[in-house]
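>>> for reference, the sequence and a predicted model appear below.
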Amino acid sequence: MAQKLVVFTSLFNSEMGGIKDLLVFLGRENEVRKIDREYQIRKLLGPFGLEELAELYQGFSEDELKGAAFEYCRKNIIKGMKEFLLELKSQGFLIGVLSSDPQFMMDISKEILGFDFAEGSHLEFQNNIASGRLKKKVDRFVKAEILKEKIIEYSLVKEKIMGIGRATVVNLPIANETNFFVGFDVGRETIDDVIEAIRDNKNLAQFLSL
């Protein structure tokens, strides 16, 4: 019998997303907000901004970024997420996260939250210093392609896959690869609100046995 998978696309209580928030923490707020304003205008047309954000990481050491990311993840993971994931794991679910945020943030999140897989964008480093370029871009379409790869890797079927993330057009490609996709506003709702919404939907509740 194929396993069930819950895949997340959002982990942080964040206005703009982890990749941008971390740059704000590093002192690049003005540049980040300029990119975000353009992103909000262009996001309906397709992916935008990851290359531009990668440029803002130029000059920071990998160790410095990992240290800042650890503090960010520890403080900003959505409240109740760890407990929810522990419950899913206890029921035998696979759990994963697919994000545009840097891979070092995903690695830390995997360590903290116990994901089976955690995939993000890869910044390029030369001699331990960020070059300002991307080695691998994980945009909305790449996330969907990675999920297809995970379906093969774990011998999954679409009917046993649920997605959870922001209620935004950005998640449409990955939502199309799931049986259910639960969208929520990470700025206004908690993971408890998501669980309550799942309980109120008989099909979703049956899927998760909540």
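Good, I have the coordinates.
>>> any buried residues in the helix or strand bottoming out on mean pLDDT in the chain, and which?
Scoring the helices and strands of the chain by mean pLDDT, DSSP states H and E places helix 202-208 at the bottom, with a mean of 85. Judged by neighbour count using 16 or more other Cβ atoms under 10 Å, the buried positions of helix 202-208 are Leu204, Phe207, Leu208. Heads up, the C-betas are built off the backbone N, CA and C, glycines and all.
>>> and the residue nearest to the second one when sequence neighbours are not counted, helix, strand or coil?
In space, and not counting its chain neighbours, Phe207 is closest to Met162: 6.0 Å by Cβ to Cβ, 6 or more residues apart in numbering. Classification of Met162 into helix, strand or coil gives strand, according to DSSP: H, G, I helix; E, B strand; the rest coil.
>>> ok, now how distant is Met162 from Thr9?
Separation of Met162 from Thr9 (Cβ to Cβ, to the nearest Å) stands at 12 Å.
>>> again with Val157
Distance from Val157 to Thr9, by Cβ to Cβ: 20 Å.
>>> next one: Gly92
The value you get for Gly92 to Thr9, if Cβ to Cβ is used, is 22 Å.
>>> those two: which is more packed in?
Thr9 (23 against 8; other Cβ atoms under 10 Å).
>>> in terms of contact, does that one touch Val97 like I think?
Yes - assessed by Cβ atoms under 8 Å, Thr9 is found in contact with Val97 at 7.2 Å.
>>> neighbours of Asp101, how many?
The tally of other residues near Asp101 (other Cβ under 10 Å) stands at 27.
>>> off-centre distance for the helix or strand where it lies?
Element membership for Asp101, per DSSP states H and E: strand 94-102. Relative to the centre of its chain, strand 94-102 is centred 4 Å away, using Cα atoms, centre = their mean, to the nearest Å.
>>> quickly run through the sheet partners of that strand, with directions.
strand 5-8 (parallel), strand 117-126 (parallel) (DSSP bridges).
>>> of these, which is nearest Lys82?
Lys82 lies closest to strand 5-8 among the strands paired with strand 94-102, at 12.3 Å (Cβ to Cβ).
>>> which other helices and strands contact the next helix or strand after that closest one?
Moving toward the C-terminus from strand 5-8, the next helix or strand (DSSP H and E) is helix 18-25. Using 3 or more Cβ pairs under 8 Å, 6 or more residues apart in numbering; DSSP states H and E, the elements in contact with helix 18-25 are helix 29-42, helix 50-56, helix 62-76, strand 94-102, helix 103-113.
>>> JSON lines for these, including mean pLDDT?
Below are the helices and strands packed on helix 18-25 laid out as JSON lines (pLDDT from 0 to 100):
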{"stretch": "helix 29-42", "mean pLDDT": "96"}
{"stretch": "helix 50-56", "mean pLDDT": "98"}
{"stretch": "helix 62-76", "mean pLDDT": "96"}
{"stretch": "strand 94-102", "mean pLDDT": "98"}
{"stretch": "helix 103-113", "mean pLDDT": "97"}
